[in-house]
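Visitor: Got a predicted structure here, sequence first:
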Amino acid sequence: MRSNRLPIVAAIVAAVVLIPAAFAQGTLKVAVVGPYSGFESFIGPDTLKGVQLATDLINQSGGVMGKQVEASTGDTTGDAIDAVPALQKVVNVNHVNGIIGPSSVTIQAALPFIKNLDIVDVMVGGTTALDNNALPNLFRTTPSDSLMGVAMAYYAHQKGYSKAAVVFGTNASAQSLKAPVVNTFKKEGGTIVADVGISPGQSSYRSEILKVYAAKPDVVFFQLDPGTGGTFFKEVTELEGTSTPYVGTDVTASADFIKAVGAQTADAMVTSIEGSSKGGSGAGAFVNAYQKKYGGKPVELANYGYDAMNVMALAWQKAGTTSGSTVFQAMRDVAGGTGTVCTTFADCSSLLKAGKDINYEGASGPVDFNQYGNVAAGFEAVKVDTAGNAKVLMDIGAKALEPYLK
């Protein structure tokens with residue numbers, strides 16, 4: 001009896017998935033979907049801060065199409081098994097008009113679901129699996145790990161390192177970053193002397209550490225989640241000391257990672273490559289607004305969430321709708337490099353209402369989506385000191401990386 005009902009249930013669910021925006025009433029709803037617990041649980045809260053800041057400013061400016069914008073959350077727990085149920089809930093139960101997320105950790109499992117949506121999804125993360133994304137409703141404001149990986153190798157080459165070990169988590173999001181790091185480092189004459197995978201969440205990594213150091217690298221490229229990094233570096237300092245430099249990603253510059261590893265260890269060993277703090281021409285307005293709302297400097301990923309929300313809201317406004325191909329095209333139109341440059345929702349919205357074309361320049365960068373819904377960006381090599389302050393060691397502009405991408 002139950003099996004006969006499954007096709008009917010599936011058909012109902014499919015129909016609901018395709019028309020979520022029809023249920024929106026007095027507000028426009030966006031869900032920030034990502035890990036709020038479990039693996040890489042900092043991603044959800046950090047992104048949400050930027051989205052909430054943007055919605056505050058959007059609502060203060062009169063909202064979109066006369067409606068206020070409301071942000072909610074969906075927790076994937078950083079697990080592919082939980083990603084689709086989290087998305088199903090925000091779409092089928094909360095009836096959101098747009099999605100920001102999920103992260104690189106779970107995006108592959110979510111793609112079949114996102115493909116059937118008639119609303120915009122701006123994912124968070126740099127996974128190389130989306131470098132040739134073909135979904136018209138899927139975008140990202142974070143640069144690809146292909147670029148970050150190139151920047152990591154570029155920095156190491158500029159520092160004169162020639163023998164590298166590669167230490168990445170065995171999870172898909174970390175592994176997708178490895179190829180551009182390795183390929184670029186080799187292209188510049190470097191040698192990979194060890195390639196060691198790290199299974200997240202283990203109680204000890206002694207054997208893996210001994211394998212790395214037996215190869216005698218002069219630099220270690222790595223990406224580990226905060227919990228795994230804490231265990232790994234505790235044993236590294238006990239077994240080998242702190243003399244070998246490590247070059248990591250924006251994850252390794254996060255407050256959660258620094259706390260897990262220890263500020264003194266991070267200061268001594270870790271250099272992180274992250275999106276340029278200079279950002280786009282909208283960075284100043286973003287930082288000022290962030291400090292007023294939260295205090296302190298912006299957390300990692302907040303600027304990307306902020307830009308994702310602003311571009312989505314402006315696309316809704318330009319298209320006059322929150323669903324369908326019209327709004328998908330509007331995502332490119334409002335930040336596509338043509339039109340009058342504007343850096344805040346208020347200014348951009350006023351221009352749209354005046355019938356003018358706009359070019360949103362964001363907090364994280366220009367947000368010019370290419371044919372695959374991706375953006376380019378510059379990077380910085382930073383070191384976080386014992387007081388938690390990030391010092392820029394090297395500016396790595398987008399132009400410096402272009403020769404490595406051909």
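Guide: Thanks, I have it. Residues are numbered from 1 along each chain as shown.
Visitor: now residue 245: how far from residue 271?
Guide: Using Cβ to Cβ, to the nearest Å, one gets 7 Å for the distance from residue 245 to residue 271. In this view, the C-beta of every residue, glycine as well, is placed from N, C-alpha and C.
Visitor: nope, residue 31 is what I meant
Guide: 35 Å.
Visitor: Report how many residues lie close to residue 113.
Guide: Other residues lying near residue 113 total 16 when counted by other Cβ atoms under 10 Å.
Visitor: again but with residue 62, I slipped
Guide: Neighbours around residue 62, by other Cβ under 10 Å: 15.
Visitor: thinking again about what came up before, so which of residue 245 and residue 271 has more stuff around it?
Guide: residue 271 (23 against 17).
Visitor: I figured that one hits residue 244, correct?
Guide: No. With contact defined as Cβ atoms under 8 Å, residue 271 does not count as touching residue 244 (11.8 Å).
Visitor: Find residues that contact each of the two.
Guide: By Cβ atoms under 8 Å, 6 or more residues apart in numbering, residue 271 and residue 244 have no common neighbours.
Visitor: which residues in the stretch 251-400 of the chain form strands?
Guide: 270-275, 340-342, 358-360, 379-384, 390-396 (DSSP state E, counting those that start in this stretch).
Visitor: Could I get the ones you listed in TSV, plus columns for distance to residue 284?
Guide: Converted to TSV, the strands of the stretch 251-400 of the chain look like this (distance: least, Cβ to Cβ, whole Å):
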stretch	distance to residue 284
strand 270-275	16
strand 340-342	14
strand 358-360	15
strand 379-384	17
strand 390-396	17
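Visitor: Rebuild those strands as a markdown table, extending it with distance to residue 171 and mean pLDDT.
Guide: A markdown table is the format used below for the strands of the stretch 251-400 of the chain (distance: least, Cβ to Cβ, whole Å; pLDDT from 0 to 100):
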| stretch | distance to residue 171 | mean pLDDT |
| --- | --- | --- |
| strand 270-275 | 18 | 91 |
| strand 340-342 | 38 | 96 |
| strand 358-360 | 33 | 96 |
| strand 379-384 | 22 | 90 |
| strand 390-396 | 25 | 91 |
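Visitor: right, and these - which one's nearest residue 136?
Guide: strand 358-360 (19.3 Å; Cβ to Cβ).
Visitor: just the helices in the stretch 301-406 of the chain please.
Guide: 302-319, 325-333, 345-353, 398-401 (DSSP state H, counting those that start in this stretch).
Visitor: and the nearest residue to residue 264 once chain neighbours are set aside, what is it in contact with?
Guide: In this structure, residue 264 finds its nearest non-sequential neighbour in residue 386, 5.6 Å apart by Cβ to Cβ, 6 or more residues apart in numbering. Applying Cβ under 8 Å, 6+ apart, one finds that residue 386 lies in contact with 263, 264, 267.
Visitor: where does the stretch 201-350 of the chain have low pLDDT?
Guide: Scanning the stretch 201-350 of the chain for pLDDT under 70 picks out 277-278.
Visitor: looking at it, residue 312 is touching residue 120, isn't it?
Guide: Yes. Counting by Cβ under 8 Å, residue 312 touches residue 120, with 5.5 Å between them.
Visitor: what touches both of these two?
Guide: With Cβ under 8 Å, 6+ apart as the test, residue 312 and residue 120 both reach 98, 331.
Visitor: Pick out whichever of these two has more residues nearby.
Guide: Remark: of residue 312 and residue 120, residue 312 carries more neighbours, 32 against 28, as counted by other Cβ under 10 Å.
Visitor: Show me what the residue lying closest to the more buried one once chain neighbours are set aside is bridged to.
Guide: In space, residue 312 comes closest to residue 98 once its chain neighbours are excluded; the distance is 5.0 Å by Cβ to Cβ, 6+ apart. On the basis of DSSP bridges, residue 98 is bridged to residue 30, residue 120.
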